[in-house]
Structure formats: C-alpha cells, structure tokens
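Student: Structure of the sequence below:
(one chain, ligands or ions: 2)
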Amino acid sequence: MTTSAISTYEPLTEETAIKLAARLFPEGAILKCQEIGDGNLNYVFRVSDSKSDKGVIIKQALPYAKVVGESWPLTLKRAAIEAAALRKHSEFAAVLVPEVYGTDETLAYTIMEDLSHLTIAREGLIQGKNYPNLSAHIGEYLAQTLFHTSDFALHPFEKKRLVAEFSNPELCKITEDLIFTDPFFDHDTNNFEPELRQVVEAIWSNNALKLEAAKLKRSFVTEAEALLHGDLHTGSIFADDNQTKVIDPEFAFYGPIGFDVGLFIANLIAQGITRNGEDREAIVGHVINTWEVFEARFSQLWHSDGIEDFKDVPGYLESVLDKIFRDTLGFAGCELIRRTIGLAHVKDLDGIEEAERRIQFKKQALQLGETFIIKRSELTSIHDVTALLEEF
Ligand SMILES: Nc1ncnc2c1ncn2[C@@H]1O[C@H](COP(=O)(O)OP(=O)(O)O)[C@@H](O)[C@H]1O
Ligand SMILES: CSC[C@H]1O[C@H](OP(=O)(O)O)[C@H](O)[C@@H]1O
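Tutor: Ligands and ions are numbered 1, 2, ... in the order given. Next comes the predicted model:
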C-alpha cells in the first residue's frame, strides 16, 4: 500500500514523519519522533505516543549512502526492495520479521512494526548476552525463506518473475566490491590498523586465496538460487531471550543460498573470537545449531513441500546441501576478511579497547576467513568448522 500523496522525493524530518504516521495512532494522541538510525545507509525515525510509548518505525532511503555522503549516490529503489522482501519472507517466517504497515516508492520509505522492546543482537552479544533461541530462530528463518523462494518450491514462471522483481544491481555492486573484491587488493576503500599490514599484504599476494575468492564472487554474481536477505549480520537482527526478528533486507536479490547462511555464521564467529570458556561455547553452540536447524528444516521442507521432479532421486538432496555447506564456508570466510580489513567493520572487533588484544583477534578473524575459503571442500561438518575457532 502506498501511504502518501507527495509526488517528489524529499528527506523526511521529525515533523513530516509524525504526519505520515498519525493515521496509525488513536485520534488525539500526542506524538513525538526521534531519528534513531545507526546503520550505514538510511534514516530511521521512531514515532511514538507520548503517553503509552507505543511506536512505529519509518525507515527512509536517502539518495546516497549515509555513511559516505552525497559523493556516493545510491538508488532509492532499495526501499521498495526492502519492503517487498520483508513481505515475501513474512509469507514463510511471519513471526521472525517485522510487520510492514505501508510503503511509498516516491518518498522511499517503509512504515513498520516498532521492535524497540528488543535489542540489536550484535549489541546484546557484545554485552555478554547469549540469546538462547537465536540460532534456532535464524536456522528456521534461513530454511523457510530460502527453500520457499527457490526452484525447489516455486513454479519456474513465478521463480523467474521474482528474480526480475528483486533485481538489485546497485546494492549487489556494493557487496561485489566490499565483500568479494576490495579486501583482496590494495584498494582505497580498505581500512585497517598498521599492525595488520603484513598479514594484509600476504592476503593481497596470495593467489591461491584470490582464485577461490574469484570463484565465490562468480557464484554470488551468477547463481540465482533463492531470494536472499543479502546482508544477514547480527546488526540486522533484533532479539531477546524469546523473540528474534530479522530487519534490513535492502540488499535482497536472487543469489546463492549459502550467502545468507555464511554471513550470519561469520558474524557469530567474529563475536566468538572475542570470548573465552563457557561464553565462547555459547557462540560455538549457535554456529553448530544454525547449520543443524537449517539443514534439518530444509530437508523436511524438501520432502513435504518440494516440487522438483528429481527430489526423490537418492543423493540429490545430500548434494544440494553439500553445495550450500561449502558455499556457506566460503562466503563466511569472505565476510570475516571484509569485516576486519574492508570498509565496513564490526563493533565486536573494533570495540576491543586494548590494542594488543584487538589486533590478535583481528589476526584470528583473518586466519579463519582464509582457512574457510581455502579449505571449504575439505571441511566435512560444521563441527570441523567450530573446531578451528576452538583452536585459538
Ligand atoms: N523495526 C524497527 N524497530 C526499532 N528500531 C529499528 C527498526 N528498524 C531499524 N531500527 C533501528 O534503526 C537502526 C538502523 O536500521 P537498519 O535497518 O539496520 O538501517 P540501515 O539500512 O541504515 O543499516 C537499527 O540498528 C535499529 O536501532
Ligand atoms: C556503504 S555500505 C557498507 C555496508 O553497510 C551495509 O550494512 P548496514 O546497512 O547493515 O549498515 C552493508 O553491510 C554494506 O556492505
């Protein structure tokens, strides 16, 4: 549903955001508004009733990337892609995504459920929270959204219609550059401490690693397997001990299934590296459980909802899962490397104040990333993967 009659784009202000949201509140409510966006790209306004504190969120795209400014123009179409992806994914995992109340393509905004009672998972994890249901919920989200939007579940006409609807070239180009290309070359978008220069230069001159990164980039660019979230890191997830909600699918497009799984696992690992003992075990458990829940639910959906003629051919499901597993490791490796030396870092590592520990953790992230990429065909189970983390 389009919610506004304004015919040209303009950035919202706290006042105009209140006007847009007013119809969602009881008449006479006294509304207040705050811009709360802390991401790299967009405005996020929270409009709330001063008395009850009940709110709604209005997320608006800017015609450029907020983190860089007007010198980096960026399509407004990403707002419509994000709203459409939230709606499509909610068909299969409604309790795991925010409800969308309205969108406007011209003003490039989405009005959605306010999740302020939850915490961004990355922030909570950094504070030491473990979110016991996080991996079960994300494993379920991954299996439901990825299976149901794939050729295994959709008529080929509908699948190809969705591939066209979710064509997202500008946002994909950001990923192609920032995850798959720039960190493997001496590119000016990279950003790392001088203490890492030696290991970074070793990455730039490691042709075996670069060959594998090139293959992974090619998979990302060419394999339209399912409708991905496209940027599933722990900063795109709200959680508490019981609930989990996935936000921010503006990078959604048809790509390889392992990309979403790999990004989530890499961001768990970036947190796990910073922990010891039982605290680390909680993260190791989440990595294992994410894969196991994903694999079990995907397999169950294959049998119950699959439409593929070859689905009962012995070994086919296993070969599909094996390919997703190897892709997951490769994409997780690229994400670990880019979150350490590329343009967009993670607070889990950057926030470590003691320089020596921070550099040590970053070296571990780079080492794990390289190993995941290079050894992705040798690692046979998710336990082999977490054993590498436990070696540190
Ligand atoms: N539905 C929501 N409810 C409450 N807060 C939200 C919601 N969506 C986004 N936010 C807040 O805005 C921040 C940025 O949102 P996000 O969608 O990640 O923006 P960006 O695309 O710019 O990264 C989140 O970290 C969160 O604090
Ligand atoms: C200049 S975009 C960098 C980076 O930002 C996006 O993340 P988010 O929107 O969650 O802040 C995405 O990961 C991009 O790679």
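
Student: And the residue of the stretch 251-392 of the chain closest to ligand 2?
Tutor: Closest approach between the stretch 251-392 of the chain and ligand 2, counting by CB to the nearest ligand atom: A344, at 3.8 Å. Yep, even glycine has a C-beta here, placed from its N, CA and C like the rest.

Student: Surely P183 is in contact with R339?
Tutor: No - the pair P183 / R339 is not scored as a contact, 9.2 Å apart, by CB atoms under 8 Å.

Student: Surely L41 and L74 touch.
Tutor: Yes - with contacts counted by CB under 8 Å, L41 reaches L74, the gap being 7.0 Å.

Student: If we go by neighbour counts, what in the longest helix that the chain contains is buried?
Tutor: As assigned by DSSP state H, the longest helix anywhere in the chain is helix 277-305. Buried residues in helix 277-305, counting neighbours by 16 or more other CB atoms under 10 Å, are found at 280, 282-295, 297-299, 301-302.

Student: pLDDT below threshold where in this protein?
Tutor: Counting by pLDDT under 70, the chain contains low-confidence ranges at 1-6.

Student: could you pull out the strands for it?
Tutor: Under the criterion DSSP state E, strands of the chain are mapped to 31-35, 42-49, 55-61, 64-65, 69-73, 100-104, 109-113, 119-120, 226-228, 237-239, 244-246, 253-255.

Student: Can you give the distance from the third one to the centre of its chain?
Tutor: The one in question is strand 55-61. Distance of strand 55-61 from its chain centroid, counting by CA atoms, centre = their mean, to the nearest Å, is 19 Å.

Student: Tell me which strands it pairs with, and in which orientation.
Tutor: With DSSP bridges as the test, strand 55-61 is paired with strand 42-49 (antiparallel), strand 109-113 (antiparallel).

Student: can you check the last one too?
Tutor: Paired neighbours of strand 253-255 in the sheet (DSSP bridges): strand 226-228 (antiparallel).

Student: for the first one, same thing?
Tutor: Note on strand 31-35: by DSSP bridges, its sheet partners are strand 42-49 (antiparallel).

Student: do the fourth one as well
Tutor: Its sheet considered, strand 64-65 pairs with strand 69-73 (antiparallel) by DSSP bridges.

Student: Residues touching the partner strand, excluding its own?
Tutor: Contact with strand 69-73 is made by 63-65, as judged by CB atoms under 8 Å, 6 or more residues apart in numbering.

Student: now do stretch 161-173
Tutor: The contact list for stretch 161-173 (CB under 8 Å, 6+ apart) reads 74-75, 77-78, 81, 84-85, 88, 149, 154, 220-221, 224, 227, 230, 250-255.

Student: ChimeraX command to pick out the buried ones of those residues?
Tutor: A single ChimeraX command selects the buried members of the contacts of stretch 161-173 (16+ other CB under 10 Å):
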select :74,75,77,78,81,84,85,88,149,154,220,224,227,230,250,251,252,253,254,255
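
Student: follow-up on the earlier one: could you say what helices and strands the longest helix of the chain packs with?
Tutor: Packed against helix 277-305 by the contact rule (3 or more CB pairs under 8 Å, 6 or more residues apart in numbering; DSSP states H and E) you find helix 134-148, helix 257-272, helix 316-341, helix 382-390.

Student: Just the buried positions in the shortest one, please.
Tutor: Of all the residues in helix 382-390, those buried under the rule 16+ other CB under 10 Å are 382, 385-386, 388-389.

Student: Using JSON lines, please lay out those together with distance to I373.
Tutor: What follows is the buried residues of helix 382-390, written out as JSON lines (distance: CB to CB, whole Å):
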{"residue": "I382", "distance to I373": "16"}
{"residue": "V385", "distance to I373": "12"}
{"residue": "T386", "distance to I373": "17"}
{"residue": "L388", "distance to I373": "12"}
{"residue": "L389", "distance to I373": "15"}
